[in-house]
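S.K.: Test case, fold it:
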Amino acid sequence: MAKEKSKGNSKTGADALLMDDRVIIPDTKGDELFTRGVFGVKHGKKLTLSLTEALFLAEKEKLIIKNRSGRVVSVKSLIKAGMREESNFWTKYLVFKDLRDRGYVVKTALKFGADFRVYDRGIKPGEDHAKWIVYPVKEGSTLTWNEFSAKNRVAHSTKKRLMIAVVDEEDDVSYWEVRWIRP
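M.R.: Numbers count the residues shown, from 1 in each chain. Presented below is the predicted three-dimensional model:
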């Protein structure tokens, strides 16, 4: 009987360490993920990944994540860790995963006051600016006009397009782009 390979335990994935709200890949083991896949942030030789990026890579069997005691962290446990850090983690993850699966580069956008900045297909950070800032929301959630206006103002002032990513009850994502028009 063939032994089934469990997700996140691939022998081909890079080893990483779960550290609270981030995942660290030591030495130069994460270089390929950083340069080819545009994942994480380099700090010297280490690569730091968000929980969202780490979950995506673990599901794709590109990363083996271990806790501080050396035990492999399952995908399910990683999701639970993300949910402890952020109440809307799953919604954000579904949007991140959908965009990455479609070939876009997705990076955090905290300094822009958004969840993600998204680069057009084939563009890497540093080659050009992000095209969109993205706010993932669960279907049925509400925004006040002031909140919507603030998000729109941030997008306009950073010369990016505003995109609202709506995750429905079936975990499907729909995108709504907001643009300024001049009459």
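S.K.: Per the annotation, how does this protein divide into domains?
M.R.: Structural domains annotated on the chain: 14-85, 89-178, as defined by automatic domain parsing.
S.K.: want to throw those into TSV with mean pLDDT?
M.R.: Converted to TSV, the domains of the chain look like this (pLDDT from 0 to 100):
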stretch	mean pLDDT
domain 14-85	90
domain 89-178	92
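S.K.: export these to JSON lines and tack on mean neighbour count?
M.R.: C-betas here are computed from N, CA, C, even on glycine. Putting the domains of the chain into JSON lines (neighbours: other C-beta atoms under 10 Å) gives the following:
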{"stretch": "domain 14-85", "mean neighbour count": "17"}
{"stretch": "domain 89-178", "mean neighbour count": "16"}
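S.K.: Can you name the residues in contact with stretch 89-101?
M.R.: The set of residues external to stretch 89-101 that reach it, using C-beta atoms under 8 Å, 6 or more residues apart in numbering, is 51-53, 55-56, 59, 79, 82-83, 86, 106, 115-116, 118, 134, 136-138, 165, 167, 171, 173.
S.K.: got it, and stretch 152-164?
M.R.: 112-114, 117-118, 129-135, 137, 151, 175-180.
S.K.: And the helices in this protein?
M.R.: All helices of the chain, identified by DSSP state H, fall at 31-35, 51-59, 75-85, 89-101, 145-157.
S.K.: Ok, which of those comes nearest residue 16?
M.R.: Closest to residue 16 of those, according to C-beta to C-beta: helix 51-59, at 6.7 Å.
S.K.: how much does the closest one deviate in direction from helix 75-85?
M.R.: Orientation check (axes from the mean of the first three to the mean of the last three C-alpha atoms, to 10 degrees): helix 51-59 against helix 75-85 gives 170 degrees.
S.K.: List of residues touching helix 51-59?
M.R.: Counting by C-beta under 8 Å, 6+ apart, 7-8, 13, 16, 18, 21-23, 33, 39-40, 49, 63-65, 73, 75, 78-79, 81-82, 85, 89, 92-93, 96-97, 100 sit against helix 51-59.
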